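Asker: structure for this input, please:
(one chain, ligands or ions: 1)
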Amino acid sequence: MKATKIRDDIYWVGAIDWSVRNFHGYETGRGSTYNAYLILDEKITLIDATKKTFSDEILSRISSIIDPAKIDYIVCNHLEADHSGSLDIIAQKCPNATIFVSQPNGLKNIAKFCGEHTYQGVKAGDSINIGKRTLKFVPVPMLHWPDSMVTYCPEEKILFSNDGFGQHLATNERFDDEVDYAVLMHEAKKYYANILMLYGRQAQTALKTVSTLDIDMILTGHGISWRKHIKDILDLYAKWSNFEADEHKAVVVFDSMWNSTEIMAKTITEAFQAKGICAKFFDLKTNHYSDIMTEVLDSKYIAVGSPTLNNGMMQNVAAFLCYLKGLVPKKNDRQALAFGSYGWGGQSIALVQKELEEAGLNIFHDMIRIANQPTQEELDNIYTSIIEKL
Ligand SMILES: Cc1cc2nc3c(=O)[nH]c(=O)nc-3n(C[C@H](O)[C@H](O)[C@H](O)COP(=O)(O)O)c2cc1C
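Answerer: Numbering: from 1, shown residues only. Presented below is the predicted three-dimensional model:
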């Protein structure tokens, strides 16, 4: 397999995972890539690696340019299996290479990935000279692990951003001006929503540092890299990390056994629409929660419905709320509503509301509970009552 030239003496040597559809619960409908970069300078440097199952692919791309044994330095921006899984196999090919990781968190864990090897911990402000180029290390803790850092090369004006600004998108193209802009931006948003949403404060700190750098290219750890739309993605990260909501967007999420909760969901959606709020309708039987989170990211309103099943809520709704609670920043101005149908006890609706409150969302309307199939009069009441509250 061949390397892709990025610039003179800088190559993409990563791997394309066309078939991956699940990334720790995040549904990756368009696959992904694990991006790694090789810089040919006085010190031959590899930046990041791939999942272990792609060890052959990265080694073969490196070998299309140089003998891997010639690698002097390896920069490991983040110790997660998708970027570092192949490190031990690569390190065996270049036993004299020094591996640079963040200090203290990268250094603490690197041996678990690579065993015995030469490691050097780096902190904020540290840099290494690799010949004509310098590599400066910028820690970005909790974006999205404690060890995460990015690496900046001032001579090339390149930021190696690892998980920041990435997307799960498998393509043979490497840059933002080579792919469909709408697809790219959708996947960038989905990635931010599902991986970084809860770390908005840390993202804002990182963005402040990044804004001081002169950048021509952002070479990401996943998917497409940025050279044309850098300002667009930086502006969007600024907005997303501030957890800014669009007052004209809502999501209505539910599961339903016999359609009663579904009919309520449709009525609630229509009430939003009547107030000029674009409401997206998500049946959890047919929509993955990682897609729903993409819409939650910038929606002011979220309505969640579940019928009562065995004294509780439906299992899909519980899974969604668990995911939502983990990702949504605890302090936020989002407005929420719980609803659902029941047969006798009707416990599910209060349980949904409790989860929404624990997620830090504000309840803008009393929970809506309907026994059995809703009548037209009950649906009309729901419609009118929601409109009054919006
Ligand atoms: C397997 C099963 C278990 C149920 N358990 C409860 C329950 O514990 N408490 C309750 O109030 N209703 C229970 N129900 C009744 C449903 O909540 C009720 O039929 C409701 O209207 C279904 O709403 P849906 O049409 O949105 O699925 C149960 C229904 C089924 C099929």
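Asker: list the residues that contact the residue in the stretch 101-250 of the chain that the ligand sits nearest to.
Answerer: The ligand sits closest to Ala250 of the stretch 101-250 of the chain, with a gap of 19.8 Å, by Cβ to the nearest ligand atom. Where you see a C-beta, it was placed from the backbone N, CA and C, and this is true even at glycine. Listed by Cβ atoms under 8 Å, 6 or more residues apart in numbering, the contact partners of Ala250 are 269, 272, 277-280, 299-303.
Asker: on the three-state scheme, it is what?
Answerer: Here Ala250 is strand, with the state taken from DSSP: H, G, I helix; E, B strand; the rest coil.
Asker: helix or strand: which one has the residue nearest to Gln273 when sequence neighbours are not counted?
Answerer: Nearest non-adjacent residue to Gln273, counting by Cβ to Cβ, 6 or more residues apart in numbering: Ala279, 5.9 Å away. According to DSSP states H and E, Ala279 maps onto strand 278-283.
Asker: tell me if I'm right that Asp291 and Glu27 touch.
Answerer: Yes - contact status for Asp291 versus Glu27: in contact at 6.9 Å, counting by Cβ atoms under 8 Å.
Asker: am I right that Leu159 sits in a strand?
Answerer: Yes - under three-state DSSP, Leu159 sits within a strand.
Asker: that one and Phe272, how far apart?
Answerer: 40 Å (Cβ to Cβ, to the nearest Å).
Asker: compare these two (neighbour count), which wins?
Answerer: A direct count of neighbours by other Cβ atoms under 10 Å for Leu159 and Phe272 places Leu159 higher, at 26 against 23.
Asker: now do the contacts for that one.
Answerer: 150-153, 210, 213, 215, 217-219.
Asker: show me which residues of stretch 154-174 are buried.
Answerer: Residues of stretch 154-174 classed as buried by neighbour count (16 or more other Cβ atoms under 10 Å): 156, 158-171, 174.
Asker: strands - which of those land there?
Answerer: If you go by DSSP state E, the buried residues of stretch 154-174 have 158-162 in strands.
Asker: need the contacts of Leu159 in a markdown table with neighbour count, secondary structure and distance to the ligand, can you?
Answerer: Formatted as a markdown table, the contacts of Leu159 follow (neighbours: other Cβ atoms under 10 Å; DSSP: H, G, I helix; E, B strand; the rest coil; distance: Cβ to the nearest ligand atom, whole Å):
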| residue | neighbour count | secondary structure | distance to the ligand |
| --- | --- | --- | --- |
| Val150 | 26 | strand | 47 |
| Thr151 | 25 | strand | 51 |
| Tyr152 | 21 | strand | 53 |
| Cys153 | 24 | strand | 56 |
| Val210 | 21 | helix | 47 |
| Leu213 | 15 | coil | 52 |
| Ile215 | 19 | coil | 51 |
| Met217 | 22 | strand | 51 |
| Ile218 | 24 | strand | 46 |
| Leu219 | 29 | strand | 48 |
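Asker: now do the domain split for the chain, please.
Answerer: Annotated domains of the chain cover 4-241, 247-389 [automatic domain parsing].
Asker: can you redo those domains as a markdown table with mean pLDDT?
Answerer: Shown next, in a markdown table, are the domains of the chain (pLDDT from 0 to 100):
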| stretch | mean pLDDT |
| --- | --- |
| domain 4-241 | 97 |
| domain 247-389 | 97 |
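Asker: contact residues of the stretch 201-350 of the chain facing the ligand?
Answerer: Counting by Cβ under 6 Å from any ligand atom, the stretch 201-350 of the chain comes close to the ligand at 256-261, 307-311, 341-346.
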